[in-house]
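Engineer: Please work out how this folds:
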Amino acid sequence: MTEYTYTPLTGHPMTTYTFRIEVEPDEDAWHAYCPALVQYGGATWGDTREEALENIRQVVEMVVADLLDAGEPLPDDVRVSNEPLVSVTV
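Structural biologist: Reported below is the predicted structural model:
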């Protein structure tokens, strides 16, 4: 099997981090959080389930960027891949 490494236009290898997300109805809204990152503020909400999922994606992206910029380790239950991945939730 041939191994490929994806390098984006910036010239830096891409790393994909995969997190488990919980989305729950909360009265008239939806609460979404990332158990691995909740201690860093990895929680949000939305008027719809889809909006909550989009919001938590943005929050997780910001938290991970902040942790990496600060040189902090990511939680142990995060899956890391050095190749681009596509995630589909149906």
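Engineer: what's the strand or helix carrying residue 67 packed up against?
Structural biologist: Secondary structure assignment for residue 67, by DSSP states H and E: helix 49-69. With contacts defined as 3 or more Cβ pairs under 8 Å, 6 or more residues apart in numbering; DSSP states H and E, the packing partners of helix 49-69 are strand 22-26, strand 29-33, strand 43-46. Backbone N, C-alpha and C define where each C-beta goes, glycine included.
Engineer: Please name every helix or strand in contact with the last one.
Structural biologist: Right, strand 43-46. Other helices and strands packing on strand 43-46, by 3+ Cβ pairs under 8 Å, 6+ apart, are strand 29-33, helix 49-69.
Engineer: Nearest the middle, which residue of this protein would you pick?
Structural biologist: A centroid search over the chain (Cα atoms, centre = their mean) returns residue 60, at 4.3 Å, as the residue closest to the centre.
Engineer: Let me see the contact set for it.
Structural biologist: Residue 60 sits next to 19, 21, 34, 37, 42 when contact means Cβ atoms under 8 Å, 6 or more residues apart in numbering.
Engineer: 6 Å instead, please
Structural biologist: Residues counted as contacts of residue 60 (Cβ atoms under 6 Å, 6 or more residues apart in numbering) are 19, 34.
Engineer: That one and residue 67: what is the separation?
Structural biologist: 11 Å (Cβ to Cβ, to the nearest Å).
Engineer: Equivalent analysis for residue 88, please.
Structural biologist: Going from residue 88 to residue 67 by Cβ to Cβ gives 26 Å.
Engineer: So between the two, which is more surrounded?
Structural biologist: residue 67 (16 against 4; other Cβ atoms under 10 Å).
Engineer: tell me the phi and psi of the closest residue to that one other than its chain neighbours?
Structural biologist: Once flanking residues are discounted, residue 67 sits nearest to residue 74: 6.1 Å by Cβ to Cβ, 6 or more residues apart in numbering. Backbone geometry at residue 74, expressed as degrees, to the nearest 10, gives phi -80, psi 150.
Engineer: Count the neighbours of residue 74 for me.
Structural biologist: Other residues near residue 74 number 16, with proximity taken as other Cβ under 10 Å.
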